[in-house]
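**Student:** Predicted coordinates and the sequence they were generated for:
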Amino acid sequence: MTLVLIVDDVPAMAEQYAYDLKRLRGYETLIAKSGRTALESLTRDSVDCVILDLEMPGMDGFEVLRSVERLGLRVPIIVYTGTGDYDRCAQAIRLGAYSFIDKAEPMERVAQEVANAIERRRLTAEVTLLRHGFGLESPLVGTSPALTKLKEAIVRVAPVPSPALIVGESGTGKELVARELHRLGPNPKGPFIALNSAALPHELVESELFGHERGAFTGANATRKGAFEAASGGTLFLDEIGDLPLEIQPKLLRLLQEREYERVGEAKTRRADVRVVAASNRNLEQAVQEGRFREDLYYRLNVISLHMLSLRERQVDLARITGNYLRFFCRQCGKHIEGFSIAAEQAIRNYHWPGNLRELRNVVERAVILAGGSVIEPADLPDNLNRLPVPGKTPAPQPGARVSLEELENQHLRLVISQTASMEEAAQILGIDPATLYRKRKKLGM
């Protein structure tokens, strides 16, 4: 969905623009009747382009442009005027506007200008990702349609300082995407602090998040800043948010809604200037239903949601990612390895990769270290990769064999999942509900 914000104190003018942009380009629109309302929308919504009237009472278009620059919001702004004073339009360009149009322009021209601004923004962000986001550790390597959609989503949501939720299996690169959101966001020069909720001792979670005063509890021998204070002016990444204790969740919700908190043992209320990006490999909706996660906190965190893809959903990217790891570890180990044998490639393709990118990285590093020839053979791979059917190996159990029905079903599930691009496709082939398939996969440890 492409979202355009129209800022004009004349409702009829804004509504006409909204109607024509929908009619000509299919764009969704928001209307702001004042500069202040526009800024509120820009800090809350994932806006792709702004059409801004320069002549408005109160906060005019020039002040909006200055505020956008001050806040570090990266969104193309097209200014327009009905006075014909192009010197003022040129001044707006100097303040950061993408271009200007006249209110008398045909709507086709306006729609084309909006399309140009959005495309330029997309290309600029793509170049930035290419320069900085495609290193060895990046989860953004590849060209699959699903990955392209994820990269576009990152570009769209990064400039918006609202909370973001990254969901996906372990090892898919959630923290690396959080770092991309920070680097492409409003405050890239601010700190990036990562905290794993599951790794925090239960009794110290509140102190780690919000800090504590000296003497607040046994062992608090000195005043200590919490993660929110340490990340002030930047981004706090809360990994495994589903493991956050239930009694701490209201305090996090208050911080997200009111931007306020207190250190443990302190009565003074502090202001939080931080963007929160949370991540989970659990089904938070199910956790809400089971009473293990607050519904209001879930909805507050889920303003913007990014779904990380498992390697099973990225079969088309697997060879490229594996090749990247191979080249990196060959350089690191001082070895010259041309690639993988056909049997090794088959084993890698057939494996279900429960540990995703993290597991693949470790497998390739191990293979490079152990390889004695110019290619990596199945013997250089871990045993669990070679248990799956590959050419020359013992075939999987067949119907009628002296094995249990459960074993046949499990083998069939593994093979279908490994050969499809997504869990939804696999569920369709198997004729079961995707939620049922997710439960079965979890039981298999995939």
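**Tutor:** Received it, and whenever you're ready, just let me know what you need.
**Student:** Show the contacting residues for the spatially most central residue of the chain.
**Tutor:** What sits nearest the mean C-alpha location of the chain, by Cα atoms, centre = their mean, is residue 306, with 4.2 Å. If a contact means Cβ atoms under 8 Å, 6 or more residues apart in numbering, then residue 306 has 150, 153-154, 157, 164-167, 177 as its contacts. Placement of C-beta: from N, CA and C, glycine included.
**Student:** if I look at it, how far off is residue 146?
**Tutor:** Counting by Cβ to Cβ, to the nearest Å, the gap from residue 306 to residue 146 is 12 Å.
**Student:** Would you map the helices across the stretch 1-150 of the chain?
**Tutor:** 11-25, 35-44, 61-71, 86-94, 107-132, 145-157 (DSSP state H, counting those that start in this stretch).
**Student:** An error on my part: the question was meant for the stretch 201-350 of the chain.
**Tutor:** For the stretch 201-350 of the chain, applying DSSP H, counting those that start in this stretch gives helices covering 205-210, 227-230, 249-258, 284-289, 295-301, 315-333, 342-350.
**Student:** Find the one among those helices with the highest mean neighbour count.
**Tutor:** For the helices of the stretch 201-350 of the chain, average neighbour numbers computed from mean count of other Cβ atoms under 10 Å are highest in helix 205-210, which has a mean of 22.
**Student:** That one: how far from the chain's middle?
**Tutor:** 25 Å (Cα atoms, centre = their mean, to the nearest Å).
**Student:** And for stretch 67-85?
**Tutor:** Average the C-alpha atoms of stretch 67-85, do the same for its chain, and the two points are 27 Å apart (Cα atoms, centre = their mean).
**Student:** what's the answer for stretch 307-326, then?
**Tutor:** With Cα atoms, centre = their mean, you get 17 Å for stretch 307-326.
**Student:** Just the terminal-to-terminal distance for that stretch.
**Tutor:** For stretch 307-326, the first and last residues are 27 Å from each other (Cα to Cα, to the nearest Å).
**Student:** so for it, what's the average pLDDT?
**Tutor:** Mean pLDDT, computed over stretch 307-326, is 88.
**Student:** Phi and psi next, for the nearest residue to residue 158 once chain neighbours are set aside.
**Tutor:** The shortest distance from residue 158 to any non-neighbouring residue, by Cβ to Cβ, 6 or more residues apart in numbering, is to residue 184 (3.6 Å). For residue 184, the backbone dihedrals are phi -90, psi 0 (criterion: degrees, to the nearest 10).
**Student:** ok, residue 184 to residue 438 distance?
**Tutor:** Applying Cβ to Cβ, the value for residue 184 to residue 438 is 31 Å.
**Student:** of these two, who's got more company?
**Tutor:** Comparing residue 184 with residue 438 by neighbour count (other Cβ atoms under 10 Å), the higher total belongs to residue 184, at 19 against 15.
**Student:** For the helices of the stretch 1-150 of the chain, could you give me CSV that also reports mean pLDDT, distance to residue 277 and mean neighbour count?
**Tutor:** CSV is the format used below for the helices of the stretch 1-150 of the chain (pLDDT from 0 to 100; distance: least, Cβ to Cβ, whole Å; neighbours: other Cβ atoms under 10 Å):
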stretch, mean pLDDT, distance to residue 277, mean neighbour count
helix 11-25, 92, 31, 15
helix 35-44, 88, 16, 18
helix 61-71, 89, 18, 18
helix 86-94, 83, 33, 14
helix 107-132, 75, 17, 16
helix 145-157, 82, 10, 17
